[in-house]
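*Asks:* kindly generate the corresponding structure for this input.
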Amino acid sequence: MTSLSNSLTAGAEATRFAPAPAAVGGDVPDYFALLKPRVMVLVIFTALVGMVVSHGHVQPTIAAISLLMIAVGAGASGCLNMWWDADIDAVMTRTAKRPIPDGRIQPNEALAFGLTLSVGSVLVLGLAANWLAAGLLAFTIVFYAVIYSMWLKRATPQNIVIGGAAGALPPVIGQAVVSGSVGIESIVLFLIIFIWTPPHFWALALVKAGEYAKAGIPMMPNVAGPQSTRRQIVYYTLLLGPLGLAPVALGFGGLLYAVIGTLGGLGMLAFSIQVFRNREGEPEKRAAMGMFAFSILYLFLLFSALLAEQGLGLFRPVIV
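*Replies:* From the prediction side, this is the model:
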């Protein structure tokens, strides 16, 4: 760990988390907020795409239960992340009003809630679908809640790079539900999300570098510097473009996907160049937040194209 990241961690340890007084037991919306519902929606979406590209058959009821359990497992890991990161959340503006630092839910309540949902989601998925899918879900929960949250996040500026594996696994779990195995389709989707994650989050980190420094998180802009981070955003985006078109080369992405993947990849590259060029003031912030927002749209459109082609019968081969 660099001396800077050591000093950042020391700064965070100096500010001990003390939750605001709260009655035992929060409201239902507070517990729901612990699950990071926006992340759950993305997990359901990418897991569903992992199912439809598998070309297998699963009963609709089993598919629905499986998607729900994958979402609950993701929510459980988010809850455990909030429990562990309550001290960090309390000093960052965008997270200070989360249920634990705001005192609406006590840490021990969040821990019990997260552990219960973790065990329950894995068991139900295993009984409803298969134990490979359940094992992958269990690995995802442990990786995010323990490996990422408790270790990587505060230890290395590569936290987002390595930790991104947890967010990239839902398509793999989805394919395992349908086929009982892991195939090339879900591996490619995993890699797309994995390579997409660093430029997506580093764009935000450029804007929020001050808050991350205050919280003691060694994000890339705080450790390697903004300019190094901008270069790495461009490098990852250059890698993401052709990787995003891999489904076409492998035959499970059709004409619609090829068009969206090509235009979206070019758009990502254009935004990354803007981030690299704009280095000060309001233009820097606009470029970074533009990249952050467009990257979400890019990933959504990529997976939507696969869903439309493979799930709705709109597949047309690029080369007949």
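
*Asks:* so what's the residue count around G254?
*Replies:* Neighbour count of G254, defined by other Cβ atoms under 10 Å: 20. C-beta coordinates here come from the backbone N, C-alpha and C atoms, glycine included.

*Asks:* over to the one 10 residues further on?
*Replies:* When counting by other Cβ under 10 Å, one arrives at 24 neighbours for G264.

*Asks:* what do you get for T116?
*Replies:* 12.

*Asks:* quick one, what contacts it?
*Replies:* Counting by Cβ atoms under 8 Å, 6 or more residues apart in numbering, T116 touches A76.

*Asks:* gap between it and P157?
*Replies:* 34 Å (Cβ to Cβ, to the nearest Å).

*Asks:* check the secondary structure at the residue minimising distance to the centre of the chain for me.
*Replies:* With distances taken as Cα atoms, centre = their mean, the residue of the chain nearest its centroid is G167 (3.8 Å). Recorded secondary structure, G167: helix (DSSP: H, G, I helix; E, B strand; the rest coil).

*Asks:* excluding its backbone neighbours, what's nearest V223?
*Replies:* Computed as Cβ to Cβ, 6 or more residues apart in numbering, the closest residue to V223 that is not its neighbour in sequence is P157, at 4.1 Å.

*Asks:* was I right to think that neighbour contacts M219?
*Replies:* Yes: using Cβ atoms under 8 Å, P157 is in contact with M219, at 6.3 Å.

*Asks:* what do the two both touch?
*Replies:* Contacts common to P157 and M219, judged by Cβ under 8 Å, 6+ apart, are absent.

*Asks:* quickly list the domain ranges of this structure.
*Replies:* As assigned by the TED database, the chain contains the domains 28-182, 187-319.

*Asks:* okay, how far is it across the first one, tip to tip?
*Replies:* In this case it means domain 28-182. Taking Cα to Cα, to the nearest Å, domain 28-182 runs 36 Å from one end to the other.

*Asks:* and the closest residue to R316 other than its chain neighbours, what does it touch?
*Replies:* Spatially, and ignoring its direct neighbours in sequence, R316 is nearest to L255 (4.3 Å; Cβ to Cβ, 6+ apart). Counting by Cβ under 8 Å, 6+ apart, L255 makes contact with R316, P317, V318.

*Asks:* between those residues, which has the most around it?
*Replies:* V318 (15 neighbours).

*Asks:* helix/strand/coil for that one?
*Replies:* Following three-state DSSP, V318 is assigned to coil.

*Asks:* mind listing what it touches?
*Replies:* Counting by Cβ under 8 Å, 6+ apart, V318 has contacts V248, G254, L255, A258.

*Asks:* again, but for I88
*Replies:* Neighbour list for I88: A12, T95, A215, G216, I217 [criterion: Cβ under 8 Å, 6+ apart].
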